[in-house]
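>>> starting from these lines, generate the structure:
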Amino acid sequence: MKPSDVNINFEKTVGDLMLIGEPKEVYSYENGKPTNQLQAIGYPVISTKLLEKLTIKVKELKPSIEFHGKPIPVALTNVDAKLWQDFKSNEIKVSVTADSIAVQNRVKVNKGGE
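Below is the predicted model of the structure:
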């Protein structure tokens with residue numbers, strides 16, 4: 001069995017996501033070498049459930065969210081997550097792409113006498 005054969009329920013596995021850094025351009029690779037063709041924008045996020053950093057590749061050519069130094073809750077649409085093996089480090093890693101990313105609006109509930 002290959003890592004890519006494993007089916008992942010992304011939302012249940014990683015929980016909520018927080019944008020924790022500046023979006024960066026992601027370029028296509030051909031024959032193991034980077035090209036000048038822009039493929040996506042990579043967003044560094046942290047999983048609130050796993051407490052791990054991931055880079056989400058969003059199928060867009062310009063960032064749709066700006067990062068201003070504070071973590072931002074985000075939501076993804078049409079997520080595709082796949083496992084793959086990095087043969088240099090012999091680790092199993094996850095590759096995540098999405099059609100879009102947006103700021104997740106949450107309502108904070110005051111639980112107390114404040």
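
>>> and the helices in the chain, which stretches?
Using DSSP state H, the helices of the chain run over 10-14.

>>> for the most centrally placed residue in the chain, what are its contacts?
Residue closest to the average C-alpha location in the chain (CA atoms, centre = their mean): residue 56, at 2.3 Å. Applying CB atoms under 8 Å, 6 or more residues apart in numbering to residue 56 gives the contacts 17, 42-43, 45, 76, 96-98, 101. In this view, the C-beta of every residue, glycine as well, is placed from N, C-alpha and C.

>>> run through the bridge partners of it.
Under DSSP bridges, the beta-bridge partners of residue 56 are residue 43, residue 96.

>>> now it: how far from residue 96?
5 Å (CB to CB, to the nearest Å).

>>> quick check, nearest of the contacts of residue 56 to residue 65?
Nearest to residue 65 among those is residue 101, at 6.1 Å by CB to CB.

>>> OK, contacts around the closest one?
Residue 101 is in contact with 19, 43, 56, 58, 64-65, 74-77, counting by CB under 8 Å, 6+ apart.

>>> please redo it, this time with the cut-off set to 6 Å
43, 58, 74, 76 (CB atoms under 6 Å, 6 or more residues apart in numbering).
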